[in-house]
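In: Attaching a predicted model along with its sequence, questions to come.
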2 protein chains.
Amino acid sequence: MAASGKGSGERATVVTLARLAGVAASTVSRALKGDPRISLATRRRIASLATARGYMPNVLARTLASGRSGLIGLVLGSVENPFYAELMQEAVAQASTRGLRLLLLHAGAGAMEDRTAEALLQYQVDGCLITSAELSSHAGRICAAHKVPVVMVNRVPLLHASAVACDNFQGGQAIADMFGAAGLRRFAVIRGNPDSSTSLERERGFVERLTADRLQAPLRLEGGSTYLGGFAAGQAIARMAKPDRPDAVFAVADIMAIGAMDAFRLAGLAVPKDISVAGFDGIAASSRPAYDLTTVAQPLHEMVTRALDLLNARIADTDLPDETVLLRGMLKVRGTVRRGA
Amino acid sequence: MAASGKGSGERATVVTLARLAGVAASTVSRALKGDPRISLATRRRIASLATARGYMPNVLARTLASGRSGLIGLVLGSVENPFYAELMQEAVAQASTRGLRLLLLHAGAGAMEDRTAEALLQYQVDGCLITSAELSSHAGRICAAHKVPVVMVNRVPLLHASAVACDNFQGGQAIADMFGAAGLRRFAVIRGNPDSSTSLERERGFVERLTADRLQAPLRLEGGSTYLGGFAAGQAIARMAKPDRPDAVFAVADIMAIGAMDAFRLAGLAVPKDISVAGFDGIAASSRPAYDLTTVAQPLHEMVTRALDLLNARIADTDLPDETVLLRGMLKVRGTVRRGA
DNA sequence: ATGTTTCATGCATACGTTTGCGCTGCTACA
DNA sequence: TGTAGCAGCGCAAACGTATGCATGAAACAT
């Protein structure tokens, strides 16, 4: 049998199908969409012809004619933080079931920004999902100028855009409450990327709740939202004299919490006996027995669903007002926090 | 007024620019490409007009006319293994500098395969990078039928396709040599996904070299290329009575080695004092002080470069024969292997 | 001064699809 | 029997770009 198996050589188009069916190309186009103006009999005939010939619509041509590409730009920052890899995977899976495809764009530094934004326009994306802190303002502005709807994920919008995020503030508070209830009294917070609203909100929720409860204000260490940053912060904490040393550490991202735990372990500090640890995100690694990390898990599936909903609505109606959806994360108390009072 | 309609709100097209420059659209098209047939003066004039108007070519229209989309399909499997996340990031970065964009496709189970393959054709991808074991045969066949060049990364081709991979066999041998030189004598290998040629080759290299050196054939455990699989295998090993227990474990992927190390640690087994461990891939986590894992690092950057080169060549000339590039990995001896003889 | 190149550009058409509008017949109602 | 209404379909014009071929003019050689 021939390499192609199906088609008799040429790629099937609406025109070829039309010729075969003895109708006009427009009829084929409409029939394939189930347009009720075409009789059921004709629709069936064309449909079976299409599958027989292995017809695949040329999405690009459709875009040109209709203005809709079915393409969503997914702008990623670094995926060093596994949370973003998980987010991406979820986005790909859900977009695919909705018949959307993702154009993957990397938001590197500086000059790349323009290239990234260019691509968004050149490929006529219908909308855009942004998960990167750095380029949000620039690309966001460009998208707004060209009427491309934008939804930020895990970010609050700095500009004209909608957003879906976890209620980071509330999550930070929840951690503070939990530490307090466990009888912990000396705190540290490992901060994230200072440009990320997400990190700041988590920290703010934590700190404000401690203050409100008249608990000691936490020591603040920089972690930069990376494993290495968390590790370094953990080392710094481990080096402190016992009386000064915090008995509970909140890292505003799991990946940093994991780094800190590794540092503690290497320094001979036991978790949670000597020091309690909590993170935020609920990445897969947090549930590994080796860490069993207490954390606030982000509702990843729901976040992506809502983000695509928001985007879809704004693609259908460009004039919809911006909207921010805040979803509550789920506190998962696991083994890294000392029990009881 | 209808004739002029110069409103800067209008999206600039070749036609718009042509009208403004007082030339034909074809001249604009050629000028923007730097076609030497157009005089330098005209080219300059049009170029400046284009930037002034913020002209962005419509890639989709270009594709329709020229047949080249500049789009590369990137077919991913699960990114549970961080190696693939790193690979993806590298691919995005390099593709972007070459002016290629990536259409992200997820290779889920079963039914998704068809949807995935459909998308490849519908969006007229110029070529396709496949990193997923499961769907390689199916999607590969479809691509071949439609003359879409395919390059497998980290896979050897089962079918009509080119490929770039690390020399997995040689890497497995290198691990065996290193274990032997360290005086280790009782071995275990934690196997990967049984459908993945990569995993099998690593294992084969390891086993054959041990055999060739008249060393004991290794115990074989299943790890399924996941953290959890590695962890379970580690637990199984840790449960063994000391005299039977291997003194060296080769996990054919770092993520499994890390799982096994966690299991050892939890079981009170010290690495490398009680047991030596080696992995394969060189993922970021392997270099963390908490693991400091001996491994064979894959030349990620080089692999992606070669893969894109292969793809480019086959896009330019569809009749180029398939080619498989094997790159040597780099053995990184770190702290998880007992020193000396 | 005439014929021949070379250069710079325009014309037309193609790519595959969508979509507004118009054209047939047929049915039904008066 | 005439005519309005409607179901079913075709025509043709987009969408933005690329490209083979034709064209006109200038430069060159004869």
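Out: Great, that's in hand. Numbering: from 1, shown residues only, chains lettered A, B, ... in the order given.

In: what comes up buried for stretch A:314-328?
Out: Residues A:314-315, A:323, A:325, A:327 are the ones in stretch A:314-328 that count as buried (16 or more other Cβ atoms under 10 Å in any protein chain shown). C-betas here are computed from N, CA, C, even on glycine.

In: quick one, what contacts A:Thr318?
Out: Each residue near A:Thr318 by Cβ atoms under 8 Å, 6 or more residues apart in numbering or on different chains is listed here: A:147, A:149.

In: element containing A:Val92, please.
Out: helix A:82-97 (DSSP states H and E).

In: Check which element follows that helix along the chain.
Out: Next helix or strand after helix A:82-97 toward the C-terminus (DSSP H and E): strand A:101-106.

In: does DNA strand D sit close to the helix or strand just after that next one?
Out: Using DSSP H and E, the helix or strand that follows strand A:101-106 towards the C-terminus is helix A:111-122. No. Helix A:111-122 does not reach DNA strand D (Cβ under 7 Å from any atom of the strand); its nearest approach is 8.6 Å.

In: Can you give me the buried ones in helix A:111-122?
Out: Quick answer for helix A:111-122 (16+ other Cβ under 10 Å): A:112-113, A:115-122.

In: Just the CA atoms of the following helix or strand past it, as CSV, please.
Out: On the C-terminal side of helix A:111-122, the nearest following helix or strand under DSSP H and E is strand A:127-130. Provided in CSV are the C-alpha atoms of strand A:127-130 (Å, rounded to 0.1, in the frame of the first residue of the first chain):
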residue,chain,number,x,y,z
GLY,A,127,-5.9,35.4,23.3
CYS,A,128,-3.0,35.1,25.6
LEU,A,129,-2.2,33.5,28.8
ILE,A,130,0.6,35.0,30.8
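
In: if we can go back for a sec, lowest-confidence one in the buried residues of helix A:111-122?
Out: Within the buried residues of helix A:111-122, the minimum per-residue pLDDT falls on A:Met112 (55).

In: what about A:Leu17, helix or strand, and which?
Out: Counting by DSSP H and E, A:Leu17 is found in helix A:14-21.

In: Keep only the buried residues of helix A:111-122 that also lie close to chain B.
Out: Among these, the residues lying close to chain B (Cβ under 8 Å from any Cβ of the partner chain) are A:112, A:115-116, A:118-119, A:121-122.

In: Kindly state the pLDDT recorded for the residue nearest the centre of chain A?
Out: Closest residue to the average C-alpha location of chain A: A:Leu87 at 4.1 Å, with Cα atoms, centre = their mean. For A:Leu87, the model assigns a pLDDT of 93.

In: if I pick it, what's in contact with it?
Out: For A:Leu87, the contact set (Cβ under 8 Å, 6+ apart) comprises A:131, A:153-154, A:300, A:303-304.

In: from these, which single one is nearest B:Val59?
Out: A:Thr131 (23.2 Å; Cβ to Cβ).

In: What about the closest one, how many residues nearby?
Out: Residues near A:Thr131, counting by other Cβ atoms under 10 Å in any protein chain shown, number 22.

In: for A:Ala217, same thing?
Out: The tally of other residues near A:Ala217 (other Cβ under 10 Å) stands at 10.

In: For B:Met88, see how far away it is.
Out: 41 Å (Cβ to Cβ, to the nearest Å).

In: what does A:Glu80 give?
Out: Relative to B:Met88, and taking Cβ to Cβ, A:Glu80 is found at 12 Å.

In: And A:Gly183, by the same measure?
Out: 44 Å.

In: what about those two, which has more around it?
Out: Neighbour count, other Cβ under 10 Å: between A:Gly183 and B:Met88, B:Met88 has more, with 24 against 13.

In: give me phi/psi at the residue lying closest to that one once chain neighbours are set aside?
Out: Closest residue to B:Met88 apart from its sequence neighbours, by Cβ to Cβ, 6 or more residues apart in numbering or on different chains: B:Leu76 at 6.3 Å. With angles defined as degrees, to the nearest 10, B:Leu76 sits at phi -110, psi 150.

In: cool, and A:Asn168?
Out: According to degrees, to the nearest 10, A:Asn168 has phi -70, psi -40.
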